[in-house]
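Student: sequence below, structure please.
(2 chains)
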Amino acid sequence: MLIVKDLTIRTADFDILHSVSFKITPGKVKVVVGESGAGKSTLGLFLAGILKPGLSWSGRVLYRGREVDPLGEGWRGRIAGLVLQDPYSSFDPRRRILYSLMEPLMVNFSLTKREAEEKALFWLQEAGFPEEKSHYYPHQLSGGLLQRAAIAAALVLEPELLVADEPTSALDPPLRAGIRELIKKISEGRGVLYITHFMEDALFFGEDYLVLYGGMVMEEGPRLLHPYSKLLLSSVIRPGKGLPEVKGFSPHPSSLPRGCPFRPRCEMANHRCYHLPPSRKIGENVVRCWNVP
Amino acid sequence: MSLELLDVEKRLGDFYLKGVKLKLSPGDTLGIVGASGSGKTTVFKILLRLLRPDGGTYFLDGMDAFKMKRRQFSRLVQGVFQNASKALNPRKKVEFLLREPYLIHRDLEVRVEELLEEVSLPPQILGLFPGELSGGQQQRVVLARALALQPRYLIADEPTSALDPTVQVQILRLLKEVQRRRNMGLVFISHDINQVLYMSQRLLIVLSGMVMEEGRLEEIMKNPSPYTLQLLSPRALREREGGACPFYRLCPSAGPKCKQELPPLKPVGKEHWVRCHYL
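Tutor: Presented below is the predicted three-dimensional model:
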């Protein structure tokens, strides 16, 4: 449905994303994982139609076979919806929830008030938001409920792509599971790009990963084979298992090591890793590594 | 020797922290877990004397902590903060930041190099500003600074929550190592129960300013309250209107009694207290 080819996003001094390519299929949640500095949020915001000032981009984005400009007219909100980490900053604090959802419908689709209300209530219900609270203001709601409203707000214009940038990070664990399941439901018939640094979240969807390190795609596909993916997996703390050992930390995108950026932390690294490995096809995965068998 | 809170209360606007009781001996770790807004950070601030409670007492080795001299208190209790970048003066180099405690406590021998080694930082870092360090390195500097005065008790409020999961486990490992080596009492506050389980021998589980469960780790794990169970294995829950019990809103095993009546904190084991009608 959506194909991204050789996407590079750069500041004046360095590249945040290096020639990133991947595709999004409806019905599957594309989970983007990686540590801070990997470029996850920059990628998500770009696909939702937002590029921070001072950044420039090159590459190609194909949507339903046609080349598009995500920063252009009609993309943001219409084709790609966005859910952010903090639901309280996603709403106008002076507006009731229902109105916040109705407004884009009235402005974009010239719906009447009644039509807009009906539609907004439908999406609130889809997102598991209780109808009787639709007249509340954002500050009267818990983070979990407000995040559901934020998801409804992102869906109200019926975008075909939903970008969710760490939608569970600001929520308490008992509420996280509910939001994950909601996103899963939404992905039926729609493309979803789900950004997270929680491996628990990633494993929950677990069908289509995009692993970023230092702004490069280390791996794409249904499995986690790359040594970096293994390192991320090993950092999950499980009850009764003791604490995993994790070496090193992720590099700043302005000072990547030579060759494979993961080389200094990699247990499999050898002399070949001083040259950047190409992306190889292994089963259904595409892996950027010399040494994965 | 122990650090002890007795029936501590604090009102902050709508938020009311009530009846918090805890005890910690050197060498032990007490983990405090709870959702956001449950009062974890309020307890942290009281333990560091940054907030004065409305009621109750805070004993440090038998003395009233709020009547101690600042100097004496600092030698006993030190804190590690959630946001390391905000806990370090951005205009001072690491070397100064680590020397600063010794400028006040002149009777102590200056041991900057040993401190660095203890938190596994290279000496080159001394010449850098905090802004030039990664999040994990910053948190190591915060820890080194806290250790400079050789405190008997260390209070850590979400020391890893601003870090990547990969770096989190490194900091946790370090914290546990340092605590064992120095035989400190550690209060470890986190919203992540798996971290707390790894770090602690005792647990204090809070929600909406109330203690929901308290006791020895093994006893709690044998028979956890519905709230703790939910923290241990999060599942999607239906939200309902709030009731008297703070967990009524999400509790899967709530009965009609839970809506009307706040359960008391009652003992269910030798060292295990629970606030639940149905346990």
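
Student: ok, now which ones touch residue 164?
Tutor: Unless you meant another one, I'm taking chain A. The contact partners of residue A:164, by Cβ atoms under 8 Å, 6 or more residues apart in numbering or on different chains, come to A:44, A:82, A:83, A:151, A:183, A:192, A:193, A:194, A:195. (Each C-beta comes from the backbone N, C-alpha and C, glycine too.)

Student: switch to chain B, please.
Tutor: The contact partners of residue B:164, by Cβ under 8 Å, 6+ apart, come to A:35, A:36, A:197, A:249, A:250, B:135, B:136.

Student: flag every residue of the stretch 1-150 of chain A that's near chain B.
Tutor: A:35, A:36, A:130, A:142, A:143, A:144, A:145 (Cβ under 8 Å from any Cβ of the partner chain).

Student: let me know the pLDDT of the fifth one.
Tutor: At residue A:143, the model reports a pLDDT of 85.

Student: quick one: which helix or strand includes the residue nearest to it when sequence neighbours are not counted?
Tutor: Of all residues not flanking residue A:143 in the chain, residue A:171 sits nearest, at 5.4 Å (Cβ to Cβ, 6 or more residues apart in numbering or on different chains). Residue A:171 is located outside every helix and strand, with elements delineated by DSSP states H and E.

Student: you'd agree residue A:171 is up against residue A:145?
Tutor: No: using Cβ atoms under 8 Å, residue A:171 makes no contact with residue A:145, being 10.3 Å away.

Student: outline the domain layout of chain B.
Tutor: B:3-208, B:224-279 (automatic domain parsing).

Student: out of those, which one sits most buried?
Tutor: domain B:3-208 (a mean of 18; mean count of other Cβ atoms under 10 Å in any protein chain shown).

Student: ends of that domain, how far apart?
Tutor: 23 Å (Cα to Cα, to the nearest Å).

Student: which residues of the chain score low on pLDDT?
Tutor: Defaulting to chain A. A:174 (pLDDT under 70).

Student: meant chain B, my bad for not saying
Tutor: B:236.

Student: which residues of it lie near chain A?
Tutor: B:35-36, B:134-136, B:164-170, B:172-173, B:176, B:191-195, B:197-198, B:230-232, B:234-237, B:239, B:250.

Student: buried subset of the contacts of residue B:164 as a ChimeraX selection?
Tutor: Buried residues within the contacts of residue B:164, by 16 or more other Cβ atoms under 10 Å in any protein chain shown, are selected in ChimeraX with:
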select /A:35,36,197,249,250 /B:135,136
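
Student: give me the subset of the contacts of residue B:164 lying in helices.
Tutor: B:135, B:136 (DSSP state H).

Student: so can I have a markdown table of the contacts of residue B:164 showing distance to residue A:263?
Tutor: As requested, the contacts of residue B:164 are exported to a markdown table (distance: Cβ to Cβ, whole Å):
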| residue | distance to residue A:263 |
| --- | --- |
| A:35 | 16 |
| A:36 | 19 |
| A:197 | 22 |
| A:249 | 14 |
| A:250 | 13 |
| B:135 | 22 |
| B:136 | 19 |
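
Student: now flag whichever of the contacts of residue B:164 is closest to residue A:234.
Tutor: Residue A:234 lies nearest to residue A:35 out of the contacts of residue B:164, by Cβ to Cβ, at 13.2 Å.

Student: residue A:250 is in contact with that closest one, correct?
Tutor: Yes: between residue A:35 and residue A:250 there is a contact under Cβ under 8 Å: 3.9 Å.

Student: so what sits against both of those two?
Tutor: Taking Cβ under 8 Å, 6+ apart as the criterion, residue A:35 and residue A:250 both touch A:213, B:164, B:166.

Student: which parts of stretch A:17-35 are buried?
Tutor: Quick answer for stretch A:17-35 (16+ other Cβ under 10 Å): A:17-18, A:20-22, A:24, A:28-35.

Student: what's the answer for stretch A:96-112, then?
Tutor: Of the residues in stretch A:96-112, A:96, A:97, A:98, A:99, A:100, A:101, A:102, A:103, A:104, A:105, A:106, A:111 count as buried by neighbour count, 16+ other Cβ under 10 Å.

Student: all strands in the stretch 101-250 of chain B, in order from the N-terminus.
Tutor: With DSSP state E, counting those that start in this stretch as the criterion, the stretch 101-250 of chain B has strands at B:153-157, B:185-190, B:202-207, B:210-216.

Student: can I get those strands in JSON lines with distance to residue A:291?
Tutor: Converted to JSON lines, those look like this (distance: least, Cβ to Cβ, whole Å):
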{"stretch": "strand B:153-157", "distance to residue A:291": "38"}
{"stretch": "strand B:185-190", "distance to residue A:291": "36"}
{"stretch": "strand B:202-207", "distance to residue A:291": "43"}
{"stretch": "strand B:210-216", "distance to residue A:291": "46"}
